[in-house]
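A.B. asks: no sequence on this one, just coordinates:
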């Protein structure tokens with residue numbers, strides 16, 4: 001503790017020696033990985049394009065924010081009056097929330113991009129409240145509202161957590177950062193339960209904490225390995241909001257983890273939705289609940305969100321930066337800078353190195369990168385996916401044929417990502433007249449997920465972003481119907497039609513009810529648009545399973561022959577195919593020297609390893625890679 005206090009004293013003294021007296025500093029404190037400087041005259045810090053702040057940050061090698069002195073702030077009534085006059089009417093100011101603990105004032109507006117920076121500076125200088133602009137969802141989002149209310153109601157708990165985090169992050173290291181190892185806790189030689197432990201002499205960082213969707217007793221990562229110690233865990237970093245990457249996170253909090261979780265802001269909101277749905281499905285199907293909403297709320301309050309490109313200290317001598325992954329809304333690749341230039345790791349999580357209707361492609365330029373941990377879901381030579389345009393044409397053909405038969409097109413979707421991509425594709429096909437404008441029914445939190453997409457347009461492709469800025473909702477139309485309590489038997493009688501329902505791998509959720517009802521309808525079609533993990537019902541059907549067992553709402557077991565026509569349309573996948581994986585590795589700047597393959601079935605991983613290690617690949621690319629394929633429970637020393 002004395003060492004931590006000494007670090008804080010040293011930072012305060014350094015700041016004091018670099019700031020003119022007219023700045024009137026009243027306090028210096030930690031606010032998570034940032035150093036907060038409280039002042040009566042913030043304009044001294046922010047004039048000349050914030051030159052003084054930049055100089056302080058460079059000197060202390062920490063991120064710096066400037067706050068107004070609490071005793072000098074304008075009272076809330078007068079401050080709100082000033083804000084309402086200062087914010088341009090075209091920004092659509094809807095709500096103002098004051099946080100007297102942090103000194104922030106939240107401005108909830110319809111169009112954040114219409115508030116010039118000079119307006120925010122003027123608010124800060126005149127009121128000494130730090131403005132924080134939030135987009136008010138153009139369509140109601142229960143998830144966004146609940147998270148913002150949780151943070152507002154827990155402001156003291158939240159600032160206490162951030163201060164403790166700051167002291168922990170900036171503690172003086174005891175041991176030199178001279179070695180690093182990676183421990184495989186999950187998703188090595190398999191797909192599901194992603195979890196990678198990065199260890200240095202001073203820190204333990206967990207990358208992802210996912211669940212395996214098969215339900216075969218191997219859902220959780222290998223948290224029982226001796227290398228994994230919950231009490232010594234410094235941080236958890238989450239790449240994106242799919243259960244196989246974030247689903248086990250609340251389990252850590254259930255068993256005592258109290259540290260920080262880093263993710264992007266969209267991932268925070270989407271993860272909450274996934275946790276809630278997971279608990280509801282477990283309760284409905286009588287399965288063991290791995291965690292409760294109490295555990296979920298604990299992790300929400302311990303989450304620290306970052307934007308792409310934002311560099312942040314997360315442990316002594318470890319810096320984290322997120323980069324765009326192109327997989328789903330808010331998905332991120334992780335860049336870890338360890339030591340003073342010792343080594344840099346890029347962990348892709350799930351990534352798409354291609355432009356889609358919804359998202360821009362994965363980023364491929366990094367400051368430094370000696371080690372690349374890359375997903376290999378489609379690592380086989382035969383894993384060549386059609387383009388999104390070809391996938392749309394294939395989907396149009398299936399829909400047209402099913403409509404002609406007066407059947408139902410049932411599409412199991414992942415609520416996050418695939419549902420939105422497929423919706424955009426269907427609406428585009430109908431707009432162009434490629435398929436008739438038949439009813440599209442959606443169920444299983446898809447509508448709420450789409451509302452979260454509308455809240456964070458800056459993470460979407462330019463085309464979709466501009467639609468949202470023009471007050472257009474790209475995920476809806478007159479023929480789209482959100483199912484809210486209607487009997488599923490009645491929905492399936494409305495033919496021809498299209499039904500999008502979760503879950504995407506037929507492991508639970510409303511899609512199983514629709515499948516039970518439609519299974520023996522020869523005129524209807526079952527269309528898979530996402531990857532089907534080995535062992536899931538979706539995978540078994542693709543492999544030829546046609547005798548299915550269901551439990552109806554009364555608890556009665558029903559056996560049915562699957563007579564629906566079964567299709568697989570892969571061009572909507574959020575994963576890179578073999579060509580895109582290779583292209584990413586070839587074009588990555590700088591080139592890595594070590595590549596670690598994960599998130600792939602054993603056969604695909606081995607085939608991809610042989611290819612990347614081949615003389616042909618070396619001659620073709622000029623890359624001489626050390627390609628490693630550890631199994632779960634193995635560890636690799638990379639320095």
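C.D. replies: Sure, I can see it. Because the structure is a prediction, the values reported are computed rather than measured.
A.B. asks: surely residue 74 meets residue 128?
C.D. replies: Yes. Look at residue 74 against residue 128 with Cβ atoms under 8 Å: they come within range, at 6.4 Å. C-betas here are computed from N, CA, C, even on glycine.
A.B. asks: Looking at these two, which one has more neighbours?
C.D. replies: Comparing residue 74 with residue 128 by other Cβ atoms under 10 Å, the one with more neighbours is residue 128, at 23 against 18.
A.B. asks: That one contacts residue 72, doesn't it?
C.D. replies: Yes. Using Cβ under 8 Å, residue 128 is in contact with residue 72, at 5.4 Å.
A.B. asks: does residue 400 sit in a helix or strand, and which one?
C.D. replies: helix 388-404 (DSSP states H and E).
A.B. asks: swap in residue 47?
C.D. replies: Using DSSP H and E, residue 47 falls within helix 43-60.
A.B. asks: about what we covered before: quickly list what's touching both of residue 128 and residue 72.
C.D. replies: Shared contacts of residue 128 and residue 72, defined by Cβ atoms under 8 Å, 6 or more residues apart in numbering, are found at residue 40.
A.B. asks: How about the contacts made by residue 533?
C.D. replies: Taking Cβ under 8 Å, 6+ apart, one finds 191, 192, 212, 213, 214, 244, 505, 539 in contact with residue 533.
A.B. asks: need those in TSV with neighbour count, can you?
C.D. replies: Formatted as TSV, the contacts of residue 533 follow (neighbours: other Cβ atoms under 10 Å):
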residue	neighbour count
191	27
192	24
212	26
213	25
214	20
244	25
505	24
539	17
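A.B. asks: what's the farthest-apart pair in those residues?
C.D. replies: Using Cβ to Cβ, those reach their maximum pairwise distance at 244 and 539, which is 13.8 Å.
A.B. asks: Leaving aside the residues adjacent along the chain, what's closest to the most centrally placed residue in the chain?
C.D. replies: Nearest to the mean C-alpha position of the chain, by Cα atoms, centre = their mean, lies residue 240 at 2.6 Å. Computed as Cβ to Cβ, 6 or more residues apart in numbering, the closest residue to residue 240 that is not its neighbour in sequence is residue 331, at 3.7 Å.
A.B. asks: so who does the nearest residue to residue 533 once chain neighbours are set aside touch?
C.D. replies: Counting by Cβ to Cβ, 6+ apart, residue 533 lies nearest to residue 191, which is 5.0 Å off, once chain neighbours are set aside. Taking Cβ under 8 Å, 6+ apart as the criterion, residue 191 is in contact with 244, 377, 531, 533, 534, 599, 600, 601.
A.B. asks: Next, work out how far apart the last one and residue 265 are.
C.D. replies: Meaning residue 601. Taking Cβ to Cβ, to the nearest Å as the measure, residue 601 falls 33 Å from residue 265.
A.B. asks: cool, the second one as well?
C.D. replies: Counting by Cβ to Cβ, the gap from residue 377 to residue 265 is 26 Å.
A.B. asks: Now do the SS call for residue 550.
C.D. replies: What DSSP: H, G, I helix; E, B strand; the rest coil gives for residue 550 is strand.
A.B. asks: that older thread, looking at residue 377 and residue 265, which has the bigger crowd around it?
C.D. replies: For residue 377 versus residue 265, the count of surrounding residues by other Cβ under 10 Å is larger for residue 377: 25 against 20.
A.B. asks: Tell me which other helices or strands the longest helix along the chain touches.
C.D. replies: Determined from DSSP state H, the single longest helix within the chain is helix 265-284. Applying 3 or more Cβ pairs under 8 Å, 6 or more residues apart in numbering; DSSP states H and E, one finds that helix 265-284 contacts helix 142-153, helix 243-246, helix 293-301, strand 303-305, helix 446-455.
A.B. asks: Looking at those, which one is packed in the most?
C.D. replies: Most buried of these by mean neighbour count (mean count of other Cβ atoms under 10 Å) is helix 243-246; its value is a mean of 26.
A.B. asks: That one: how far from the chain's middle?
C.D. replies: A distance of 10 Å separates the centroid of the chain from that of helix 243-246, by Cα atoms, centre = their mean, to the nearest Å.
A.B. asks: The helix or strand that comes right after that helix - contacts with which helices or strands?
C.D. replies: Where DSSP H and E defines the elements, the next helix or strand beyond helix 243-246 is helix 249-254. When contacts are defined as 3+ Cβ pairs under 8 Å, 6+ apart, helix 249-254 packs onto helix 293-301.
A.B. asks: hmm, back to that, phi first, then psi, for the residue nearest to the centre of the chain.
C.D. replies: Phi and psi for residue 240, reported as degrees, to the nearest 10, are phi -170, psi 170.
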